[in-house]
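K.L.:
here's my sequence, what's the structure:
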Amino acid sequence: MAKKAEPITTQLDTTQRDTTCRVLQQTLVDLVHLHLAAKQVHWNVVGSQFRTIHLQLDELVASAREFADQVAERSATLGVPADGRPHTVADTSEVPEPEDGWCRDADVIEYIVSALDRVIRRLRAGIDETDKSDLVTQDLLLEAAAALEKARWMWQAQLAGR
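P.N.:
Here you go, the predicted structure:
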């Protein structure tokens, strides 16, 4: 088979590009999985906090989708195609799967905090890894981590006093 064309080049050396794009790919699959999982529980949440959680999930979905797009485009900018295919996400994401069926509001809150924990943990590791390989990517990861950490705080605050 003929080698695929590499139409996009970067000023990073091969090691910097490979390190950076590996981190971007990890981040992409986690963000795609996060927004899909959040949408799943969004459709099925029940309980006295239904409306609040339903709307808060929409905010999380929008944020995760926006960062996923930025992360994928950053990878393409560096000359490496992003892979957000369903099987890639399923095989490599660290986001836990939500339960099927109806989801009690308190369980949704705990699930979202757990999912955000996983995404943020890997984001922070990626921030460390890109410190030497690409500061522009590191800046994007810092922005995503800050937004998701704020979201996690807002979700976790709802568990206080239970």
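K.L.:
do I have it right that Leu28 meets Ala72?
P.N.:
Yes. The pair formed by Leu28 and Ala72 meets the contact definition of CB atoms under 8 Å, at 5.5 Å. In short, each C-beta sits where N, CA and C put it, glycine included.
K.L.:
and for these two, which residues touch both?
P.N.:
Residues touching both Leu28 and Ala72 (CB atoms under 8 Å, 6 or more residues apart in numbering) are 82, 84.
K.L.:
where do the strands sit along the chain?
P.N.:
With DSSP state E as the criterion, the chain has strands at 45-46, 103-104.
K.L.:
hang on, the earlier thing: who has more neighbours out of Leu28 and Ala72?
P.N.:
Applying other CB atoms under 10 Å to Leu28 and Ala72 shows that Leu28 carries more neighbours, namely 26 against 20.
K.L.:
please report how far the more buried one lies from Glu149.
P.N.:
Applying CB to CB, to the nearest Å, the value for Leu28 to Glu149 is 19 Å.
K.L.:
pull out the buried positions in the longest helix along the chain.
P.N.:
Counting residues, the longest helix in the chain under DSSP state H turns out to be helix 14-44. Residues of helix 14-44 classed as buried by neighbour count (16 or more other CB atoms under 10 Å): 16-17, 19-42.
K.L.:
quick one: residues contacting Gln49.
P.N.:
Taking CB under 8 Å, 6+ apart as the criterion, Gln49 is in contact with 105-106, 109, 158.
K.L.:
what stretches of the protein score poorly on pLDDT?
P.N.:
Within the chain, the segments meeting pLDDT under 70 span 1-6, 161-162.
K.L.:
change it to 50
P.N.:
In the predicted model, the chain carries no residue with pLDDT under 50.
K.L.:
just want the most central residue of it.
P.N.:
Nearest residue to the geometric centre of the chain (CA atoms, centre = their mean): Leu31, 2.0 Å.
K.L.:
quick check: closest non-adjacent residue to that residue.
P.N.:
Excluding its sequence neighbours, the residue lying closest to Leu31 (CB to CB, 6 or more residues apart in numbering) is Ala68, at 3.9 Å.
K.L.:
now swap in Glu149 and tell me
P.N.:
Spatial nearest neighbour of Glu149, chain neighbours left out: Ile120 (5.9 Å); criterion: CB to CB, 6+ apart.
K.L.:
sorry, back to before: relative to Leu141, how far out is the residue nearest to the centre of the chain?
P.N.:
Here the criterion is CB to CB. By it, Leu31 lies 11 Å from Leu141.
K.L.:
and what of Arg152?
P.N.:
The value you get for Arg152 to Leu141, if CB to CB is used, is 16 Å.
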